[in-house]
Every structure is written in structure tokens, then in C-alpha cells.
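Chemist: Below is the structure, and that's it, no one-letter string:
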Ligand SMILES: Nc1ncnc2c1ncn2[C@@H]1O[C@H](COP(=O)(O)OP(=O)(O)OP(=O)(O)O)[C@@H](O)[C@H]1O
Ligand SMILES: Nc1ncnc2c1ncn2[C@@H]1O[C@H](COP(=O)(O)OP(=O)(O)OP(=O)(O)O)[C@@H](O)[C@H]1O
Ligand SMILES: [Mg+2]
Ligand SMILES: [Mg+2]
């Protein structure tokens, strides 16, 4: 097969995949008797046309950057981490314990502690499947899926039987003290000029961006990243070079789990301010789409996370103001994963064909 | 415009949320007005939904279910000019109306009905999520059963401990089959969408079901003994009618106020003998007059007639 | 006897040639693998095809077997033009093929493999019964005995090859193509194979044999065709040619593969291996107790048929495979198992390793050249900017310099490894390893798939390293290479060393016998 | 635990094990042919929605079943195109199709019935009703076996018996027919099949098609027999559990039956925490019972219950090598 120019590979392939996904989504909307253009309008207006909308879009974006990075770093080491969801929920547990058990004097200290705790819990939840993969050869995809279910059950147990305050009916922890409440964008000097109302996007956004930069640095500037990528490309070659496969599996999955866990700082500490059941709301899975869409590069991940933030906020608006069910966003998510992850060869073949067509015309 | 937010079961759960939906529809038909509605998809969305609706200018905002309590507690102060109504939960905020029902009383009546109708002397109760509110249903029911048949055996099951328990018909059906195997021939489902599975299984197995919240007698005509009606529709209708002049505070809808009742219609006419009806109606009168006091589980977290 | 009956049936349409290829061309993108190739193979003969790596031999046979479609040209089977769009058509036309890499289902029995794709009807029972009958006939007739109920994974390579031949015969093939069948066989197994092939020829079958080994060509074929760079250079009668002439036809000039090297000047012992054992992941013992020493300034060549433990030896020494026994490097014991037995600690001990399989071990094909130059040496201090970050700029500069010195073309450090030709990929690996100036260089199949110019260059580098007083362990299946480079030769057979020989005093015949496991009384 | 309770749990096991069994055999065909399929879940969901909707609209469970099969086949076809024709990543394709199914079923059901992504309840001829096997009541008085026959073996929907029959059928197809031989071969070494002149793509598409049909049965069973209608996410992870059962069974049909019934048993137990508590004399948290099948799966995968070696060519797209 002919090859594509690098820029086409990086920019055009995801773009075309996105267009496919959008076109099919439009057909689906049409098929359920709604207007695609109307839907798009609602989505754009509700998520991008007001500071308030952006406040939500960026809130989702923050979560998706974390989970997208989690998938990305594992992916470079050849691991398909589908367990972001469970790792994020465990991260939420870490946040809740950090916020509830210790009376923090100021949100900044609490943020640090909660972040460490969230990362540690997520990392541990990823480390178990990683250990089983490294030492016992278990299939990482299926074990991480199982760990999602086990995490959900564990959280239910803890919320119902252990952490629920007496007299409360819904399975949730107590509210975190006011002192650990994270500043939302409307409370940050400078940003408050744009965000004038209470929005859920909060300081965690900056942690997410820092994490993206750190992941880039690790992957392409450090020895660890070099070894991870080499191992991800070829395990036998890594062995030859003296790179320990078990170690690479453990490290990549642990970092991945830590990143997934960190997303809970955004939603549990920054938004809900208590741990609820299913707090991650599928963000762990969206990380897969975000990573694929972002071509497993932190810059791409950030951009794709904004796109999915828009999709999620827009989708919520659809659910709110139109007859289109909120599930539309799951459909779009599935289509994006399908086209960028599984039908990428098709997309690339199409582009190669278009390119050669263009070349022939030039010659003629 | 007023707005309503349904809980996880969704507005067509044939039960709790559907009752709320019916109330809203009734209001819309009568006044020609429009309202916004929203179905919860996940636990974590509650606050966003509330904020977004308040933000959009909806007033009053009615929500069905205790699970909104915590979110409402934080949102209500941010929108002092918006009125909120919450059903099944008490939220003490100056702009919130809390509507609660005496499910124990209604359940007592259908419990009596079950005790009278049972041939095996064993009846069942299947609750949704295991919370004090649902135990209040079960406890009232058990008292009614014992009142009608002091020797009766009552099999109690809860579907789960999370909101998913409101929407698990498979589990509901399996629990119903299990209760039948233990001899139950009348089963009361107080479980939201899960109840659909319970009533289906009861109908399949040739025993009687008892519906909840809405009048569910029509779901399996001739196979549902009666339904414990909790007039969520009335609560919603009233809140919508009051509009932005909604009176805050606690509003208890009891048997006397018509907040709870048992359902009679052509679907269950053949199942309920005049004697049964007479006995139940007599008890209802006593409750209304205060002569008969049904023990409320939530008052002290104990039940004289059943152990959970 | 079914196959015999069939043969006579086809002979009814007697035409002089079983196969005729006319003007076959095939391009893979810019690579012209076959250019206007024509050959005619008379019925009942064995026809050899020789040519360097990448000359287009396999491509041509794949076209004949319906794996690829020719861009142009015509195929005649028994004089009739025949379209062969897929393998099914090839089988129908009476063609059978034995691939270099066997196409067998490992956990199926011999019988199941034989009937696969040639079943009688939708139920298996009848097919299996018939195959059992036919197989017992065939094995009697052609010395092709294998247990029909054995699992393939339990069979030796030689027996697996017999299964492949049986598969073709079961499909009543008249024409049998064998692609490099002896590469994996011991000389004895190869002899057995040739007896089988002669028997088949005597039954009127036509055989095409692809091989690199001139000895085999001279021994068994009736005609031989020579290919070079996608073209057919010529076809000659075997009886009327000589190995020298064939070699010249093959590479296009007189071949004198003599390495220019002076007398060795061995110093102290660098590496001492004692009673080394290696088991593979299935627990099969692949190295069965090996001991040898290598001294500074010496090249020890390990000869042997592929698969006799040479790979495992390199892997154990290179820290890739776990082993038991002792490896002493410059007087210190190296760890053989556990976390410290890895390529990093080996490199720290002064061992460099050019692996046999550069594409799967030696390079990351998606990595750029400069990233590959750091491969294995990513911890080297000169490639670090500080405690945290690697110094990518320094690496790129270093790579450019290495490419310059080793004449890697094109000399672009940012090109991915997969974009270089095989020879240039090999040069990158060799440059990386030799330029570390190691005390010991492990080098496996250094010139596999490499053109003559590059071969000479790489050989020169190896000799230069030796002359600089370093120890070298050379593993190669090419006897010529072993003979011309080594200062000492050890022959490996079945996981053991059969003995050491001096290249000045030994000859190919003696080495060949050792490679077959015949030890002639030496320990 | 008395005998009656045991029978009730076994009865429930059979009902809950059936969708797992269909899905597990579905996965068996696909994976034996070398195509990994973590999209069983999505196909079941799709089938459940299609069969529930059509059964309601037409009042015929048979038309519903056909629609379910069709819906599942479409998704199987997509997986085939992605992973066979375009040699895409099979895991990613499966994940994508699961998401797609999860969303699209709700969208369609909502559009058709406006009941929050649910179909209206089915009854009568729109459902597979329970079948009483001959002599069930006559034999009931026979001690031990009588109630077992009458309560556990008799009285299930037709599809339960179909699922059980699929086990010997699968065994027979796999080990006794030409198709089965080729199917197993293509999952182990597609090159062997290719050089033998049999189409690798054809075989793999056929296998993926069978997977689609069996997932269709699983989904239709969920919506028209186990329950009376489709509800959102009603498969609730059964596709993944089926996959775990497949690994547990080491890709063999009879063992698949055992594994699925074991997982079905765990699911039945999770429904009866009271019985579990009575038997083990300690209160086991319900979430733990819920998580039991998943925990067991992890143990299986970790090889603590014996090493499972998947078909050798599994997950790898077949590219002709030279
Ligand atoms: N599928 C393919 N795609 C691209 N190029 C190919 C393909 N198959 C072969 N080639 C190229 O065609 C040429 C001939 O290859 P072929 O395999 O026929 O050589 P060969 O004579 O059999 O070599 P060897 O002795 O190493 O087996 C080589 O340059 C090779 O790189
Ligand atoms: N996959 C590829 N992508 C880009 N360029 C390639 C690729 N494969 C080969 N090339 C380029 O095509 C040229 C020819 O490659 P090929 O492997 O046929 O060389 P060759 O003649 O066999 O050389 P050598 O004798 O060194 O192996 C090389 O210069 C290489 O840079
Ligand atoms: Mg070849
Ligand atoms: Mg080459």
C-alpha cells in the first residue's frame, strides 16, 4: 500500500474519521425523526456559545484529558487499558478518603493530598491486572474490564455499608468540608472576567494540562518513555535491548491507572464534593475514543478531549431541550472509536486513493 | 414554565415516575401550559440538571425522589428566586417544598387485602432499594397482612442497595419466582421499574401481584389484586398549579388527605370480594379517624410485624 | 493406487512440458520482483532455481501457486494455458507446494492436516478413513512414513516436511514445488528428502526445487535456472554446468569470497562458557551443555544447520534467554537467570550483540534511525542530558556520524528503520554494536539478506575488530562465511558442540558430517 | 437450605445461564476462527432491542426472533468488515460496537415507543412462554427426581432447550464436520487454510455470522423469554461474563456449558442473599455476590484454575506473507 504524507496521517486521518462519524450520527438523528442541523445548533449553543456552556465543556474536557492520557500512555507500551472506568472510581475513593479523614486547613493542601491519594488508588487498581498480565499472562483487556465491575461492586459496598453517614438514604459519602472546595474557574482571578456564574470547571483543568505536558515529556524525552515505546512496538526487541517487559507492563499500567484515578479530583472533589456511585460516568471509556482520536499524542488528546467535552455537554443539552435522547453521545463515541480505531485502514485506503487520484490528474 | 425531573427509573416506569408524569400531563392538558422535563441518566448528573433547569428560568422545579435531596440542598441557595418541590424527602430550605406521603397507611390497606386474598397464608413483599423509605412500605404492608390474618407468613426481599435496584426487572422476576417457591401467592412490589418484572412473573406463575405508586391493575388484568396508589401525580399537579407561588415547607399527604389509597377498577373487580372491600374500607376509616395507628418504620427504624 | 491412476490420466494429454511460464512480470510498488520471466519444465524432471536473496524466486513460485497474480505473462500447464487466480486453481491444475515455512496446523494430527481443504463431503469420518488408506499407500511407495495420528507439534522438522509433501501428493499433485526445503534439514535428512524426490521423479512427477546450495543443485536436478534481480539469467542442463559457472551467473561477476585477513594474535581468555543449558518456553532442552572459551583477538565461528541451538546460545549469552551453567566474562561470572540476567547487564559487561533477526530483535522498525542507534544503549551516559532527560540532539549527531562511517544510505537519521533496505538496516545494527568497541561481539548471520558489497564491508569491520584485540563469536549457517572469517570453528548439532576445527586444516565435507551429528571419534 | 430452595436456585440458574450459554457458544465460533470478539455484549443488546420491538409491534415472538437475529447479524457483519476485510484491531472494533449498540438501542426504542428507551411489556404470543415437559406433573411425586424434573428441567421457555441443544450441535459441527475442521484450522494457522485453497475470509465471515446468529438468540431470549420486553442496558455485562466463561471452558463446547451454568449459578445466588447467609452462616455483602463471577473470571484468567491457551491466530488479522 502506498504511504501517506505525514501531515495527512496526523491531521487528515482523524479528521476524515470524524467526518464519517458525524455523517452517520446525522443519519441516525434523521432516522429517529429529528433534525441534525437543529441538534447541532443546540449542541453548539449549549456548549460553546456561552461562558456557562464552556464552563461545562471544560469540566468534561478535564476529565477526558486524564482518561485519554491514561489510555495513551498504556497504549504506547502496547497495553490496551479498558479499565480506566474502574481506576477512576477507585481514584474517587482516594479523593473521598483524603478529603473526609483529614481536616485540611486549605484547599491547596487538600488538592495535593487528594491528587496523590487519587493517583495512588487508581494506580493500585491498575497494578493488579498489570501484575497478572506481567507474571501470569492474563489478557489485560479482559482483566481490566472485570476490574471495572469489581470496582463498581466495591464502591457500592463501601458507600452502602461503610461510608454512608447514618440517616442518609442515597449511597454516597458525606459532603466534603467547605475548606476543601476547589476554586471553580469563575473564582479564579482573570478567568472570572469570562466566567461570571458558578461553573463546574475548576482548577483541576490546569493539573490536566500539566499532566498532558508531563506525559509528553515522559514518552518522548525520558529513558523511561523510550523504553515504554520500544517495548510497545516489539516485545522481543525490548528483551534483546535489556528492557524488562514485566517492568514495562507494571510501570505503564501504574501510570495509566494513576492518570485515570486523577480524573476523580475533577469530578469528585471539584464538582460533586462527595463520592457518589458511578461517579466517573463513563469517562474512563471515553478515554479510549479520546486517545484514538488524538492519535495517542498528548496534544491530540487535549484537542480530542475538548471535542468530547463539547460532545458531552452538547449531548446533555440535547437531552435537556430536544427529544433526542442523551444516548446519542454514546453513539457518536462508538462511531469515533470504530472509525479511528478499527476502520483506520479503510480511512487510510480511501485517502491514499484520493491522493493518487489527485496525482494522476496533475500528471494528465 | 414549570419543570420536572424524573429519577433514574425514567418517566415510563409504570410506577413512581410515571405517576409524576401523569400529574404533569394532567396539568398541561387542563391549563394548556407547557413544561420542561428531564430524565436522570446517572447519579452524578443530578446537580447539573438542577442547575441547568434553574439557569434556564424554569420555575417551579419539581423532582421525584429522595436522591435529589443532597443536590437540592446545595443548589437551592444559589437560586433563591426559584421555587423547588421535592417528593419523598425533606429538604429544609426557604424556597423548597417537601412533599412526603404516608406509605405505611396505604401499604397497610393493600396488606390487609393480601392477607384476605391469600389461600396459602403466605404473602410476599419485594422492595426496591433497601432504604428506610421502602422499609416503611414493607412494614405497613406486614401490619395489614397480620391484621387480616394473624397466622400469615410474610416473605420479604429487597432488590438491592443502590438506585439500580429501581430498574432491575430480571431480578424482580427471579425474586418473585423465589417467593412463589416459598409458598407466597400474593406479592406486593414496591420497587419502581423492578416491579414490572415482579408483576410479570406473578402473572406468569399464576399468582397475584400488588402494584405500587400508580394504578397498575391494568398491566395484567385479573392478575393484579390491587395497587397501592401514592398520589405523586397529585403532588406534581398541585406544585405546577401553584406555580412560582409554591409554598415552601413540609407537606404530608396521608390517607385522609387522599395522598395514598388502594386501587379498585374493572381489572381487579373479580378478585376483590365485597367482604374484602368492606373490611379494608373499614380499616381505612379507622386510620383516617386516628382510631387505628399504623406504625411508621421511619419513626424509630423498627417494625412490629416484620424483620428486615 | 490413486496418485498413480491420476498421473496416467494426465499423461494422456501428453505435452512436452509440464509447466511453461511465458513473460511473467510482477511488481510490488516500485520493486520489480519478476521481469519478463520465461521457463519451461519438462515432465518427469527435477528443475532447480537458484538466485541471491530477493532475486524473485519465491515470488515466481507464488504466482505459479496462485498466491500472487502476475501483472503480465502466461502460464501453461501440460501445454494448456491455465489461469491460476488462487491456490484452489493451482491445486486443481495438479500443482502442490511445500513452503519454506510450513503451513501446518500445529495442534492437528497429520491426518487432519492432510485432508484440510481436500475433504470428501461435509462429514469428516469418511475423509479421515480414506486419507488413512491413501497415506499408508503413499508412505510405502515413497519412504514417506509418518504416524498419521501424531500431532504436528510433536514431529521433528524433517517429518513435518514429509507431511507437507504428503499433503501435496494426497491432492494428487503432478507438479511439486519446494521452496528452500533443505535450509532446516540436517545433511542426512536432506539426503533422505532427495531420495524421496528421486522416487517421485521416477513416478513421472515434475519437481521444482528452489535452493541456495549449489551442491544440492548439482546432486539432484536435471536442469537449473538462474535468477538475478528479478530477471531470468538463463537455464542450463545440470550435467553440462559447474558450480563456478552457476555462481557467476547468479551474482553477475566472478565470485571470490575470500576475506582478506591476517593471522590471528589471540590474547587472554575473554569469555568462558561452561556446561551451558537452555530450555525453551515449552521446557524442551535446546542447549544441552556447551563449553568453550574465546580469547581476545580471536573469531570463533559456530557452524551448523539452523535450529540446532545456535540461536539459543546467542540469546543466553546476550541475556535474552535464561540458562543454567556458567558464563564467565573477563573473569567474572554473569548472572544467567533472574532480573539481572538481561541485555543491559551484558552490555555493561562489555558484550555487544548483533542478533540473527535484525527486523524482530535488533531494530524497532517504526523507530527512526537515531532512536535505533540508542537501542540497548539508551542508558549510556553520553546520551543523557541530565538525570531525567535523554539528549536527543546528541543522539542524532552521533547517528549521523555513524551513518557516515558505515556508509548507510540514505544517511538520514530521522528516517524510520523500515524505510531502509535490508542491507542498510543491517549496517545500522552493526555500526551500533561495533562502535561500542565491545570486549566481545556476538554476531549472528551477519550477512543474511545482504548484498555482496555490504557483505565485504561488514566482514572487514568484523576482522578489524578482531585485529583491535576483541573477541568475536560468529554464528552463521553459511559455511563459506564461517570458513573464511573464523580463526577457530565449532560445529553445533542438536544443542551440543560436535568439536572444534581449524579452518586451515578442515574442509566442507568434514564440517558437513559434523553438522549432521557424525562425530568421527572426536569428543 | 432445603431441597425446595435448591431446586428454585437451580431453576433460576438454568434461566440465567441460558443467555450466557448462547453468547459463549457465539464467542466460541468466532474465536475458534481467530476473530476475537468482545462485542458479544453489543450484539446481544441489539438483538434484544430488535426482537422486543418487533415482537411488540407484530405480536409475534417468531418475527421478533427473526428481527433479533437480523439486528445481531448486522453488528456481526460490521465487526467482520472491520476485522477481516480491513484488518482492523479486533478489540477496538468490539469495544466500538458495544458503545454503538448501547446508544443506538435506546435511540431506536425511544423513537418507536417513547418510553424512555424501553419497549412496552410483551405478553401472550409476543413472548416465548414456558413449556411444561410431558409428565412433569405426573412424575412430581417421585422422590427427589420428580420435583427436579418438574421444577428445574421442565417449565422453561423454548430457547432454554435450544441453548442446551446447541452444545452437542456445536461439538458435532466443530469436531465432526468439514466446516468445523476448517474453522478450527483457520483460528490456529490461517496460512495453512489459505495454501490448502480454502478462503480464509470466507471461513471467518461464516464464523462471525454464526456468532451473530447465536448472539441474536441470546438477545432475543433476554427480551422475549427471560423478560417481557427490552430495557436499556438490559444485558448488563453478560457478554463479558460469557467471554470469561469461554476462557474458563478453554474454547470447548461441553466445558462452555459447565462454565456458563456455573456463572448462572452465581448470578442466581446473588439474587438470594438470604439463602447464602443461611448456608454460610455469615452475612455476605450483596455487592460481593454480584462481583463473584467477575472475581472468578480474573482468577481463571490468571491461570489459577489452569492455563487457558487461546487459538493461536486469535486476534491477528490474516495478511498473506511471502
Ligand atoms: N509482498 C511483497 N510486497 C512487497 N515486496 C515484495 C513482496 N514480496 C516480495 N517482494 C520483493 O520482491 C523481491 C523478490 O522477493 P522474493 O521473495 O521473490 O525473493 P527470493 O528470490 O525468494 O529471495 P530469498 O532467497 O531471500 O527467499 C524482493 O525485493 C522483495 O523485497
Ligand atoms: N517500506 C519502505 N518505505 C520507504 N522506502 C522504502 C521501503 N522499503 C524500501 N524502501 C526504499 O527502497 C529502496 C530499495 O529497497 P530494497 O529493500 O529493495 O533494496 P535492496 O536493493 O534490496 O537493497 P539491499 O541490498 O541493501 O538490501 C531503499 O533505498 C529503501 O530506502
Ligand atoms: Mg524466497
Ligand atoms: Mg534487500
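Modeler: Yep, it's here. Treat the numbers as computed from the prediction; the structure is a model and nothing was measured. Ligands and ions are numbered 1, 2, ... in the order given.

Chemist: tell me which element residue C:293 is part of?
Modeler: Using DSSP states H and E, the element containing residue C:293 is strand C:285-295.

Chemist: how about that strand: buried residues?
Modeler: Buried residues in strand C:285-295, defined by neighbour count with 16 or more other C-beta atoms under 10 Å in any protein chain shown: C:286, C:287, C:290, C:292, C:294, C:295. Glycine gets a C-beta too; all of them are placed from N, C-alpha and C.

Chemist: pLDDT for the residues you listed - can I get that in CSV?
Modeler: Shown next, in CSV, are the buried residues of strand C:285-295 (pLDDT from 0 to 100):
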residue, pLDDT
C:286, 89
C:287, 93
C:290, 94
C:292, 96
C:294, 95
C:295, 95
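
Chemist: Now distance to residue C:239 too, for those, in TSV please.
Modeler: Shown next, in TSV, are those (distance: C-beta to C-beta, whole Å):
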residue	distance to residue C:239
C:286	42
C:287	43
C:290	43
C:292	43
C:294	45
C:295	47
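
Chemist: ok, the residues you listed vs residue D:191, which is closest?
Modeler: Each of the buried residues of strand C:285-295 was scored against residue D:191 by C-beta to C-beta, and residue C:286 proved nearest at 24.7 Å.

Chemist: Can you pull the phi/psi pair for the closest residue to that closest one other than its chain neighbours?
Modeler: Distances taken as C-beta to C-beta, 6 or more residues apart in numbering or on different chains place residue C:312 nearest to residue C:286, at 4.4 Å, with adjacent residues excluded. Torsion angles at residue C:312 (phi, psi; degrees, to the nearest 10) stand at phi -60, psi -40.

Chemist: tally of neighbours for residue C:312?
Modeler: 24 (other C-beta atoms under 10 Å in any protein chain shown).

Chemist: residues in contact with it?
Modeler: Residue C:312 makes contact with C:278, C:280, C:286, C:287, C:321, C:495, according to C-beta atoms under 8 Å, 6 or more residues apart in numbering or on different chains.

Chemist: is the fourth one in a bridge, and if so with what?
Modeler: Under DSSP bridges, the beta-bridge partners of residue C:287 are residue C:278.

Chemist: Surely it touches residue C:327?
Modeler: No: counting by C-beta atoms under 8 Å, residue C:287 sits too far from residue C:327 to count as a contact (11.7 Å).

Chemist: Return, as residue ranges, the portions of the chain with sub-threshold pLDDT.
Modeler: All of this refers to chain A. A:1-3, A:359-364 (pLDDT under 70).

Chemist: Oops, wrong one, chain D.
Modeler: By pLDDT under 70, the low-scoring segments of chain D are D:1, D:305-307, D:321-322.

Chemist: mind redoing it with 80?
Modeler: The model of chain D has pLDDT under 80 over residues D:1, D:115-116, D:274, D:301, D:303-309, D:320-322.

Chemist: again with chain B
Modeler: For chain B, the ranges with pLDDT under 80 are B:8-10, B:13, B:40-45, B:48, B:161-164, B:308.

Chemist: Which residues of it lie near chain A?
Modeler: Residues of chain B found near chain A (C-beta under 8 Å from any C-beta of the partner chain) are B:36, B:38-39, B:41-45, B:47-49, B:51-53, B:55-56, B:66-67, B:69-70, B:74, B:78, B:89, B:131-133, B:161-163.

Chemist: Give me the subset of these that lies in strands.
Modeler: The strands, defined by DSSP state E, take in B:36, B:38, B:39 from the residues of chain B next to chain A.

Chemist: surely the second one meets residue B:6?
Modeler: Yes: using C-beta under 8 Å, residue B:38 is in contact with residue B:6, at 7.1 Å.

Chemist: tell me the contacts of residue A:69?
Modeler: Going by C-beta under 8 Å, 6+ apart, residue A:69 touches A:211, A:212, A:215, A:259, A:287, A:291, A:298, A:301.
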